[in-house]
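A.B. asks: sequence first, then the predicted structure, then my questions.
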Amino acid sequence: MLCRRHNNALSPLDKMAAEFFRYSVEDHLDVFRYLGNDDRDSFPRGFTMVSGPYFELWMLKVLWGAVEAGALEVDGRTAYRFRHGVTTEQLAEILWRGAPWPQAWGLYVLLDRDHDLPSVPKAIRLRPASVGSEILGGYVQIASFEFLISFELPPAAQIYRPCGITFSRAGSPKSSYKMMAFAWPEVGHPIINAVSAVPPDEDYSVPRNPRAAKFHGQIAPNSLNVTPVSSRPTRNFRPTDLGEL
């Protein structure tokens, strides 16, 4: 893990991520609190903007710190190394000195999602992207939406460094949506439109089929869980989701 001096130097990234998480959760809950029967014929639009480069650096900090702490598992064993060609010297240059990311490295959003897997709004989850014992990157799920920090081009349908993501819900007015925007130093980044298939007259928290019910309330394997307690803070590095915040 990082020493106190390094953590203090990177604390602005943590503050940025905390604010981004807070607003993302508020928007997520507002979208899914709307059931079409709560005296609202729509939900208000929302807009949250964050620095794309800073968000990438924060994800790198979280993933690298978890690997160095031995807090992630791959195939039942502690994950301890990145893929061949990814060196700590490279990562340090990117994180500390603002070196450019190598081609195809950075923030991705994968377009194919398993909709039967449960969403936990007030939680952050970290899980590794790996082949064998090598870490290729890491997934960070925030307010039920998952981002990937990758050290290579993912072999799946994906969007690289999106400029924003809009969230809406089937059956809701077109004017009702939330947007999280990523500010990049250059133009030309694509936007993603995410539409939940759960209509307003259904409760999104109820599993829609037997397979979804099987996963409901379960913890994703090989992911990291940090559970806060009311007394002295502790960290639980079992392979589970990040606990409710």
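C.D. replies: Looks like it came in fine.
A.B. asks: quick one: low-confidence parts of the chain?
C.D. replies: The chain contains residues with pLDDT under 70 at 1-9, 34-41, 118-121, 217-245.
A.B. asks: can we see that at 80?
C.D. replies: Applying pLDDT under 80 to the chain flags the ranges 1-10, 32-42, 113-123, 143-144, 171-172, 197-206, 208, 215-245.
A.B. asks: doesn't Met59 belong to a helix?
C.D. replies: Yes. Counting by DSSP: H, G, I helix; E, B strand; the rest coil, Met59 is found in a helix.
A.B. asks: quick check, it in contact with Phe151.
C.D. replies: No. With contact defined as C-beta atoms under 8 Å, Met59 does not reach Phe151; the gap is 11.6 Å. Yep, even glycine has a C-beta here, placed from its N, CA and C like the rest.
A.B. asks: any idea where the helices of the chain begin and end?
C.D. replies: Counting by DSSP state H, the chain has helices at residues 4-9, 11-33, 52-68, 88-97, 210-215.
A.B. asks: what lies in contact with the fourth one?
C.D. replies: Put plainly, it is helix 88-97. 9-10, 57, 60-61, 64, 82, 99-102 (C-beta atoms under 8 Å, 6 or more residues apart in numbering).
A.B. asks: tell me what angle it forms with helix 52-68.
C.D. replies: Put simply, helix 88-97 runs at 140 degrees to helix 52-68, going by axes from the mean of the first three to the mean of the last three C-alpha atoms, to 10 degrees.
A.B. asks: now helix 88-97: buried residues?
C.D. replies: Using 16 or more other C-beta atoms under 10 Å as the test for burial, helix 88-97 gives 90-91, 94-95.
A.B. asks: need these in CSV with distance to Arg208, can you?
C.D. replies: Listed next are the buried residues of helix 88-97 as CSV, based on distance: C-beta to C-beta, whole Å:
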residue, distance to Arg208
Gln90, 43
Leu91, 41
Ile94, 41
Leu95, 41
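A.B. asks: can you tell me which of those is nearest Gly70?
C.D. replies: Nearest to Gly70 among the buried residues of helix 88-97: Leu91, at 16.9 Å, using C-beta to C-beta.
A.B. asks: show me where the protein has its strands.
C.D. replies: Residue ranges of the strands in the chain, as given by DSSP state E, are 46-51, 73-74, 77-78, 81-82, 106-110, 124-131, 134-142, 145-150, 158-160, 164-169, 178-183, 191-196.
A.B. asks: same list (those) but as TSV, adding mean neighbour count.
C.D. replies: Formatted as TSV, these follow (neighbours: other C-beta atoms under 10 Å):
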stretch	mean neighbour count
strand 46-51	16
strand 73-74	20
strand 77-78	11
strand 81-82	17
strand 106-110	21
strand 124-131	20
strand 134-142	21
strand 145-150	20
strand 158-160	16
strand 164-169	20
strand 178-183	19
strand 191-196	14
